[in-house]
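Undergrad: Below are the sequence and a predicted model; questions follow.
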Amino acid sequence: MTGIRWAYALNQWDTNIDAFVRRRDHERAFKTISISGFSGVEFTAVSFGPWEPFGSPAEIANLYGSIEQLRSFLADCALDAVSSYVYDPFVGFDVEMGRGPDPLDPDSLEPIAATAVWFADAVHRLGGDALVVRPVGSAWQTGPLSDEQIGTLARLWNEVGSRIAAGGVGLALHVDFLSALRLSNGIDRLLAATDPALVGLALDTAELAVAGIEPVEFFRTHADRVRHIQLKNARAVVDEAEALTPHAEQFVRTEGGSRRIERWFFEPTDEGGLIDFEAFAQAVAESDYSGWIVVESDQSPHPAESAMVSGWYVQKVLRPIVEGSRRAVGASR
């Protein structure tokens, strides 16, 4: 056993708030993911009420009756688990489409921790083991983070990591390409300020590449802190000046910025991509990483096709590299 399991992110199917709300649509997506060779699926936390049936544990229960009934439904579709939930604290769940608390506000610790425990409990009951969180807002909102701000984040995420670890779920910080952590060595400063036993990293190959960070080198440097991996490709890089554009989430990420980038993320097989996935798989094989690897293509216009193409690539290229290299290392010991 390699200790690695492969999942696929559900986000590419859910492109509009009313486009993915029926159980038959879910069944088609889950079965497509399963026949593509994946054993799990990743969910994203969203607060659009019944329009996002997997957006929260409450909405899952509303549509499926309970968390356990959803897991049974997944099993009927030949999937073992929900590998992980992606949770952005800025998303509010007290009010539909509400605004959540800011991680840089010390008073936000309790509400963020409580919501994190809510999602972590759902992940655990659905057979997964990772809560992926956005640790801080965007660069344009904060500029470089001060030591005091890093300390506030460290206290928050250490506490969250401690609380969800009690339920068997690990915390993984996800650095997106607009994150304030891309400035002034923010990633390493936050890692140094947090407890490695409680706070890990979610390495997203495309988000790092768009931020100008080489994913293979980053993984080799930080492998001991990587708790979760998300694989997708990218073609374009956003420099710091562009990341600091006011309202970059809308202007750059959604609208494509001044370059009018139509799509930021692609399948790992994309021929124009920036990432060497075979080198990345080799780096994983040479590490002690154990956990889920989630493949994404969250802007795909053809989600089923993307899942199947990505599944072929995992089964025929990436998985043999990881498993073959690990068997060779084990035989040489």
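TA: That came through fine. These numbers come from a predicted model, not from an experiment.
Undergrad: Please, where are all the strands along the chain?
TA: 4-9, 40-44, 81-87, 91-92, 98-99, 130-133, 170-174, 199-204, 226-231, 233-234, 265-266, 291-295 (DSSP state E).
Undergrad: so which of those strands is the most packed in?
TA: Stretch with highest mean neighbour count among those: strand 130-133 (a mean of 28; mean count of other C-beta atoms under 10 Å). C-betas here are computed from N, CA, C, even on glycine.
Undergrad: Give the other helices and strands that it contacts.
TA: Judged by 3 or more C-beta pairs under 8 Å, 6 or more residues apart in numbering; DSSP states H and E, strand 130-133 is in contact with strand 81-87, helix 109-125, helix 147-165, strand 170-174, strand 226-231.
Undergrad: can you give me how far the last one is from the chain middle?
TA: So the one you mean is strand 226-231. From the chain centre to the centre of strand 226-231 is a distance of 7 Å (C-alpha atoms, centre = their mean, to the nearest Å).
Undergrad: same question, the first one
TA: Put simply, strand 81-87 sits 8 Å off its chain's centre (C-alpha atoms, centre = their mean).
Undergrad: got the buried residues for stretch 129-143?
TA: 129-142 (16 or more other C-beta atoms under 10 Å).
Undergrad: So what would you say the end-to-end distance of that stretch is?
TA: 33 Å (C-alpha to C-alpha, to the nearest Å).
Undergrad: Just checking the distance from it to the centre of its chain.
TA: The answer for stretch 129-143 is 11 Å, by C-alpha atoms, centre = their mean.
Undergrad: can you check stretch 206-221 too?
TA: For stretch 206-221, the distance from its own C-alpha centre to the chain's C-alpha centre is 15 Å (C-alpha atoms, centre = their mean).
Undergrad: Quick one: closest of the strands of the chain to Arg253.
TA: For the strands of the chain, distance to Arg253 was read as C-beta to C-beta. The smallest value, 10.4 Å, belongs to strand 265-266.
Undergrad: which other helices and strands contact the closest one?
TA: Applying 3+ C-beta pairs under 8 Å, 6+ apart, one finds that strand 265-266 makes contact with strand 233-234.
Undergrad: List the pairing partners of the strand it packs on within its sheet, with orientation.
TA: strand 265-266 (antiparallel) (DSSP bridges).
Undergrad: what does the strand it pairs with contact?
TA: For strand 265-266, contacts defined as C-beta atoms under 8 Å, 6 or more residues apart in numbering pick out Ala206, Lys232, Asn233, Ala234, Arg235, Gly272, Gly273, Glu296, Ser297, Asp298, Gln299.
Undergrad: Counting neighbours, which of those residues end up buried?
TA: Among the contacts of strand 265-266, those scoring as buried are Ala206, Lys232, Asn233, Ala234, Arg235, Gly273, Glu296, Ser297, Asp298 (criterion: 16+ other C-beta under 10 Å).
Undergrad: ranges for the helices of the protein?
TA: Secondary structure of the chain (DSSP state H): helices at 23-35, 57-64, 67-76, 109-125, 139-142, 147-165, 186-193, 205-210, 215-222, 240-243, 248, 277-285, 303-313, 319-332.
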